[in-house]
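Engineer: Just a sequence and a predicted model for now, questions to come.
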Amino acid sequence: MTTPTQSPSPDLLNPSVRPPRGLGLGGSGGRATAIAILSSVAFVVIAGLLVVNSPGWPRVQRSFFDPEVFAASWPRIVASFWTNIRLFVIAEVLILVWALVIAVLRSLPGPVFFPVRVFATIYVDLFRALPGVLVIFLLGFGIPGLQLPGVPNDPFFWAVVALTLIYSAYVSEVYRSGIESIHPSQVAAARSLGLSQFQSLRHVVLPQAVRRVVPPLLNDFIGLQKDTVLVSFVGVVEIFRQSQIRVAGSFNFTPYIATALVFLAVTIPLARVVDWLVARERNRGLAPVRPSRSTGRIGDPA
Amino acid sequence: MTEALRIEGLHKSFGRLEVLRGIDLTVAEHEVVCLIGSSGSGKSTLLRCINLLEPIDAGRIIVEGEEITARRVNVDRVRRRIGIVFQAFNLFPHMTVLGNVTLGPRKVLKRPRAEADEAALALLERFGLADKRHEYPDRLSGGQQQRVAIVRALAMQPELLLLDEVTSALDPELVAEVLDVIRELAAGGMTMVIATHEMGFARDIASRVGFLDAGRLLEIAPPAEMFSAPREPRTRQFLDRVISAGRLQA
């Protein structure tokens, strides 16, 4: 992590202070940064030259990078992205709640809750096994097709339901890994104070579990943000559908590039926020519970 | 003498391993009973059974006249009356010291926050921890953490306190501060059952010392008798090993 001329800093010997996990530039001096910048610039220039000098470049440039088509389609594409944002935000809130319910159901101990655990397990298996597009198709076309009274047939509604069902299966597994990472001795301590099983879960296990899974949770949400384009298949005019319409109208692929830029502009900052949150959580020093030294038995080593 | 705890014919197995093979023990109110014995003799399991953290296979446990091992006993209500402190502290890492101490009173005894805070602060004050009330556990030394864990158990005003090798995970220089707290509790009349490897401490503080060997309470006697003239050859053997290891001045 340090340049060879430096002795390792005392922080590296302290297990509670971990090396930074940023872009891995290492070192502390300006020299490492300068090298990193130089090599990045060189790489981009070489890659750019290769593309620009390829035999098909003029045609690709015309059909993918047409400034006029870009300017004409850009406002509508950005406006359509609002639909994706609404989808994403509503689905995310529902997923956070529903996935937690599934995870808790799946973690309930004892023979009484066997059917509940089976239900949760089947749910998770089912929605992880099915391709997302299929679920969106089946719900988006199938349920409105039943023409049940009182059941909405708005494709947006079913798009939200489908994304919630699919992503909750994954997110509940993330929650569950967090719940299971809490050492049983924490539950023993809570129960020994007279807290009920539910109170132990609510006040001791879940607060620690959720805190631990924030990074993987946010990763899933970056995935969800991108998967909102899948609902274009059931007729929701969101950003991807909009760009398809523009492509069809102009016989030019530039609207796809515009759409890609919108996603890059939103998703990359989100990824950086995730990294920042992780670092902040670590610096607060609340993260890991010191595991007790032996047994997996509830409580302490005998 | 009022009886605080009575254990009759307690058996406990983990799978095919029989850890407790018929324990009989009676503890009077204000009495301090220390349990000694080598690792694996069943000391911790016995304490965990008394707090119903482990289901028992046979026998009865009676606390202040109520059989807590009877069917349809509300385990949460029983645990409210019996405090336990663990070897590895088991503090809640996501809560401050004050949060740890007030969780039970607030959620179980339904005390209002202000009242719970005030009571917790008085206890923390008594054990020299008041200035740490806003710290998270990982900012405290092992000794401080274990003292907080004791305060957390005391905040429920238990009738009986169980201490499970509470100094075994501590650096040697931190042991004394925790033992001092326990001494103070004993002086205050707290009924305690203590599993310990600190023989000198057991000799000082215990009303009686019990020797556990392979799941049986082989011998129980006042410390003077136990440490100077143990009846059982197994006890003598154990104490000889402890003395030669330097854990007890003969």
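Structural biologist: That came through fine.
Engineer: rest of the way, CA atoms for contacts and neighbours
Structural biologist: OK.
Engineer: In chain B, where is pLDDT below threshold?
Structural biologist: Low-confidence segments of chain B, defined by pLDDT under 70: B:1, B:247-250.
Engineer: And the residue positioned nearest the centre of it, which helix or strand is it part of?
Structural biologist: Residue closest to the mean C-alpha point of chain B, counted by CA atoms, centre = their mean, is B:Leu163 at 1.6 Å. For B:Leu163, the element it lies in under DSSP states H and E is strand B:160-164.
Engineer: for that strand, packing partners?
Structural biologist: helix B:43-50, strand B:82-85, strand B:192-195 (3 or more CA pairs under 8 Å, 6 or more residues apart in numbering or on different chains; DSSP states H and E).
Engineer: returning to that earlier point: enumerate every residue touching the residue nearest to the centre of chain B.
Structural biologist: Applying CA atoms under 8 Å, 6 or more residues apart in numbering or on different chains to B:Leu163 gives the contacts B:47, B:84-86, B:192-195.
Engineer: could I get the longest helix along chain B in PDB with only the CA atoms?
Structural biologist: Across chain B, the longest stretch assigned as helix under DSSP state H is helix B:172-187. Provided in PDB are the C-alpha atoms of helix B:172-187 (Å, rounded to 0.1, in the frame of the first residue of the first chain):
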ATOM      1  CA  PRO B 172      -5.400  -9.600  33.800                       C
ATOM      2  CA  GLU B 173      -5.100  -5.900  34.700                       C
ATOM      3  CA  LEU B 174      -8.800  -5.400  34.100                       C
ATOM      4  CA  VAL B 175     -10.000  -8.300  36.300                       C
ATOM      5  CA  ALA B 176      -9.800  -6.400  39.600                       C
ATOM      6  CA  GLU B 177     -12.300  -3.600  38.600                       C
ATOM      7  CA  VAL B 178     -14.900  -6.200  37.700                       C
ATOM      8  CA  LEU B 179     -14.400  -8.300  40.800                       C
ATOM      9  CA  ASP B 180     -14.700  -5.100  42.900                       C
ATOM     10  CA  VAL B 181     -18.100  -4.500  41.400                       C
ATOM     11  CA  ILE B 182     -19.200  -8.000  42.300                       C
ATOM     12  CA  ARG B 183     -17.800  -7.600  45.800                       C
ATOM     13  CA  GLU B 184     -19.900  -4.500  46.200                       C
ATOM     14  CA  LEU B 185     -23.000  -6.400  45.000                       C
ATOM     15  CA  ALA B 186     -22.400  -9.200  47.500                       C
ATOM     16  CA  ALA B 187     -22.000  -6.700  50.300                       C
END
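Engineer: can you count the residues close to the closest residue to A:Val278 other than its chain neighbours?
Structural biologist: Once flanking residues are discounted, A:Val278 sits nearest to A:Pro215: 6.3 Å by CA to CA, 6 or more residues apart in numbering or on different chains. Residues near A:Pro215, counting by other CA atoms under 10 Å in any protein chain shown, number 20.
Engineer: so which helix or strand takes in A:Pro215?
Structural biologist: Here A:Pro215, judged by DSSP H and E, is contained in helix A:214-227.
Engineer: name the element B:Gly210 belongs to?
Structural biologist: strand B:208-213.
Engineer: All the helices of chain B, residue numbers only.
Structural biologist: Going by DSSP H, chain B shows helices at B:43-50, B:75-81, B:97-107, B:113-126, B:142-154, B:172-187, B:199-205, B:223-228, B:233-244.
Engineer: just the CA coordinates of the third one, formatted as PDB?
Structural biologist: In this case it means helix B:97-107. Extracted C-alpha coordinates of helix B:97-107, given in PDB (Å, rounded to 0.1, in the frame of the first residue of the first chain):
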ATOM      1  CA  VAL B  97     -24.000   2.500  27.200                       C
ATOM      2  CA  LEU B  98     -27.200   4.200  28.200                       C
ATOM      3  CA  GLY B  99     -29.200   2.500  25.400                       C
ATOM      4  CA  ASN B 100     -27.800  -0.900  26.500                       C
ATOM      5  CA  VAL B 101     -28.800  -0.300  30.100                       C
ATOM      6  CA  THR B 102     -32.200   1.100  29.500                       C
ATOM      7  CA  LEU B 103     -33.400  -1.300  26.800                       C
ATOM      8  CA  GLY B 104     -34.800  -3.800  29.300                       C
ATOM      9  CA  PRO B 105     -36.500  -1.300  31.600                       C
ATOM     10  CA  ARG B 106     -38.000   0.600  28.700                       C
ATOM     11  CA  LYS B 107     -39.200  -2.300  26.500                       C
END
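Engineer: thinking again about what came up before, A:Ile122 is nearest to which of the helices and strands packed on strand B:160-164?
Structural biologist: When the helices and strands packed on strand B:160-164 are compared by CA to CA, helix B:43-50 sits nearest A:Ile122, at 35.9 Å.
Engineer: and the angle from the closest one to strand B:208-213?
Structural biologist: 110 degrees (axes from the mean of the first three to the mean of the last three CA atoms, to 10 degrees).
Engineer: Neighbours of B:Pro93, how many?
Structural biologist: Residues lying near B:Pro93 (other CA under 10 Å) number 21.
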